[in-house]
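J.: sequence first, predicted coordinates after that:
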Amino acid sequence: MDLGISGRVALVTAASKGLGRASAVALAREGANVVICARGADALAAAAAEAGADAEVLAIPADVTDPAVPAQLVAAAVERFGRLDIVVANAGGPPAARSLEVDDDQLEAALNANLLTSVRLVREALPHLRAGGWGRICCITSSSIKQPIPSLALSNTARTALWAWAKTAAADLFADGITLNLICPGSHATDRMKAISVPTGPMGDPDDFGRTVAFLCSEPAKFISGSTLVIDGARSVGLV
Ligand code: NAP
């Protein structure tokens, strides 16, 4: 299938490893030029080299949770490529913690990383998406918004707040030709998964996840917006 995004410009944050990297590589394979960021320069360079096999890549070492960084990333994308069409908002996940253990500082850090960072990225990108009359936004969250994971109280809390915000924003954006969806991974074989303690079982392939992101960022996905796509091998229980 031709996804119709060759020549588009995508910003994918937290993209040197794991799900962000797989998303950037999949978008590049579809011919989109990509801007990626992460804090560590070595892995970022390796990701840029992989994505750069198929498209132009701008790799920016940066901490996306710094409130100033989303604007800088968007400005760099537009300066380099002259446009911005696609945003895949991703950030590292918060540390494991049970609900009654968390303090205010931890909650504020989680809300900053896993709610406010996405909001800032969308806010900064929006004038450029609107200018093109076309836009695709995906926020990478977690299947824990559908079924909270007891040991990940910080993640459960911040990501559910993002869900509410994104659902509201998607309705506001659709008339402008801009879609906004949440992608909610269950267990995928990434470094993050190896670092936290969650129930084990079958693991998803990050490359499959990346291809799914590319589809949601595609031309034929234009009527998919305000959705939460859970990719967890049917692990979460519940009808909502
Ligand atoms: P990962 O393999 O650990 O990769 C995280 C990526 O994000 C790395 O490139 C990392 O590079 C970058 N990153 C982390 N913090 C950053 C920051 N503050 N600024 C810029 N880049 C940053 O993680 P993953 O498994 O792909 O997970 C991605 C997201 O999905 C996380 O929020 C995670 O909680 C969520 N999630 C993952 C799964 C899963 O099964 N993998 C399941 C549910 C939810 P640097 O460290 O060098 O910055």
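T.: Structure's in. What do you need?

J.: need phi/psi at P150.
T.: The phi/psi pair for P150 (degrees, to the nearest 10) reads phi -50, psi -40.

J.: which residue is the nearest non-sequential neighbour of it?
T.: Distances taken as Cβ to Cβ, 6 or more residues apart in numbering put R98 closest to P150, at 6.3 Å, once the chain neighbours are dropped. All C-beta atoms are positioned from the backbone trio N, CA, C, and that covers glycine.

J.: do I have it right that that neighbour meets I149?
T.: No: applying Cβ atoms under 8 Å as the test, R98 and I149 come out as separate, 10.2 Å apart.

J.: so for those two, which residue has more residues nearby?
T.: Legend: neighbour count by other Cβ atoms under 10 Å for R98 and I149, higher for I149 (18 against 11).

J.: wait, doesn't that one sit right on N156?
T.: Yes: counting by Cβ under 8 Å, I149 touches N156, with 6.4 Å between them.

J.: any residues in contact with both of those two?
T.: S142 (Cβ atoms under 8 Å, 6 or more residues apart in numbering).

J.: for the top strand by length along the chain, packing partners?
T.: Secondary structure of the chain per DSSP state E: the longest strand is strand 178-185. Under the contact definition 3 or more Cβ pairs under 8 Å, 6 or more residues apart in numbering; DSSP states H and E, strand 178-185 sits against helix 117-132, strand 135-140, helix 153-173, helix 206-216, strand 228-231.

J.: Throw these into JSON lines and include mean neighbour count, thanks.
T.: Putting those into JSON lines (neighbours: other Cβ atoms under 10 Å) gives the following:
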{"stretch": "helix 117-132", "mean neighbour count": "20"}
{"stretch": "strand 135-140", "mean neighbour count": "27"}
{"stretch": "helix 153-173", "mean neighbour count": "19"}
{"stretch": "helix 206-216", "mean neighbour count": "21"}
{"stretch": "strand 228-231", "mean neighbour count": "18"}
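
J.: could you list the contact residues of the protein toward the ligand?
T.: With Cβ under 6 Å from any ligand atom as the criterion, the chain meets the ligand at residues 14-20, 37-40, 43, 63-65, 90-93, 140, 142, 185, 187-188, 190-193.

J.: of these, which belong to strands?
T.: Among these, the ones falling in strands (DSSP E) are C37, A38, I140, P185.

J.: how confident was the prediction at the nearest residue to A169 once chain neighbours are set aside?
T.: Computed as Cβ to Cβ, 6+ apart, the closest residue to A169 that is not its neighbour in sequence is L180, at 5.7 Å. L180 is assigned a pLDDT of 98 by the prediction.

J.: same deal with the one 4 residues further on?
T.: As predicted, C184 sits at a pLDDT of 98.

J.: try A195
T.: So A195 comes in at 74 (pLDDT).

J.: look up how far K17 lies from it.
T.: Distance of A195 to K17, given as Cβ to Cβ, to the nearest Å: 11 Å.

J.: more neighbours: those two, which one.
T.: Comparing A195 with K17 by other Cβ under 10 Å, the one with more neighbours is K17, at 19 against 11.

J.: export the helix or strand of the chain with the lowest mean pLDDT to PDB, keeping only CA atoms.
T.: Within the chain, no helix or strand scores below helix 191-195, which has a mean of 79 by mean pLDDT, DSSP states H and E. This file holds the C-alpha atoms of helix 191-195, laid out as PDB (Å, rounded to 0.1, in the frame of the first residue of the first chain):
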ATOM      1  CA  ASP A 191      15.200  -1.500  26.500                       C
ATOM      2  CA  ARG A 192      12.400   0.100  28.600                       C
ATOM      3  CA  MET A 193      10.600  -3.200  28.900                       C
ATOM      4  CA  LYS A 194      13.800  -4.900  30.100                       C
ATOM      5  CA  ALA A 195      14.300  -2.200  32.800                       C
END
